[in-house]
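Asks: the sequence and its predicted three-dimensional model are supplied below.
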Amino acid sequence: MAQWFEAAHVGEIADRKCKAVSVNGSAVALFNLDGEYFALEDLCTHMGRDLSSGWVEGDRAVCPWHLAEFSIRTGEALKAPAYEGVHRFPVRVRDGIVEVCDDRA
């Protein structure tokens with residue numbers, strides 16, 4: 001059964017930035033795009049490195065290791081050397097708290 005977990009407070013993550021969080025034991029990269037929050041599995045599918053240590057270009061997460069790019073909105077792989085997308089977790093904001101759903105349980 002899917003569960004929601006507190007991941008951050010609204011305003012804690014600057015616009016076009018990312019924060020690494022743990023959601024029910026899973027590494028998650030939590031992004032803020034113009035006040036809208038998105039959560040991706042914090043794992044580049046190319047070499048298994050963390051996306052959260054990279055940067056944001058537009059609405060893309062750029063892996064710092066080999067410059068693979070992923071859609072922050074969908075998790076889709078957009079630029080080689082990654083060809084497989086990453087899991088996108090549902091996100092909601094309630095009472096000033098950004099919550100991420102562990103929907104893989």
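Replies: Thanks, I have the structure now.
Asks: ranges for the strands of this protein?
Replies: In the chain, the segments counted as strands under DSSP state E are 3-9, 17-23, 26-33, 36-41, 55-57, 60-62, 69-71, 77-79, 88-89, 91-94, 97-102.
Asks: will you turn the ones you listed into TSV that also has mean pLDDT?
Replies: Formatted as TSV, the strands of the chain follow (pLDDT from 0 to 100):
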stretch	mean pLDDT
strand 3-9	96
strand 17-23	97
strand 26-33	97
strand 36-41	98
strand 55-57	97
strand 60-62	97
strand 69-71	98
strand 77-79	97
strand 88-89	97
strand 91-94	98
strand 97-102	97
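Asks: nearest approach to R49 belongs to which of these?
Replies: Of all these, strand 26-33 sits nearest to R49, with 10.9 Å by CB to CB. All C-beta spots, glycine's among them, are computed from the backbone N, C-alpha and C.
Asks: show residues contacting the closest one.
Replies: Contacts to strand 26-33, defined as CB atoms under 8 Å, 6 or more residues apart in numbering, come from residues 7-8, 13-22, 37-43, 50-52, 56, 59, 61, 72-73, 89, 91, 98, 100, 102, 104.
Asks: try 6 Å this time
Replies: By CB atoms under 6 Å, 6 or more residues apart in numbering, the residues outside strand 26-33 that reach it are 7-8, 13, 15, 18-19, 21, 38-40, 42, 51-52, 59, 72, 100.
Asks: including mean neighbour count, could the strands of the chain go into CSV?
Replies: Compiled in CSV, the strands of the chain are given as follows (neighbours: other CB atoms under 10 Å):
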stretch, mean neighbour count
strand 3-9, 16
strand 17-23, 18
strand 26-33, 21
strand 36-41, 21
strand 55-57, 13
strand 60-62, 20
strand 69-71, 22
strand 77-79, 16
strand 88-89, 22
strand 91-94, 14
strand 97-102, 20
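Asks: circling back: now, among the contacts of strand 26-33, which is nearest to W65?
Replies: Set against W65, the nearest of these by CB to CB is L51 (9.5 Å).
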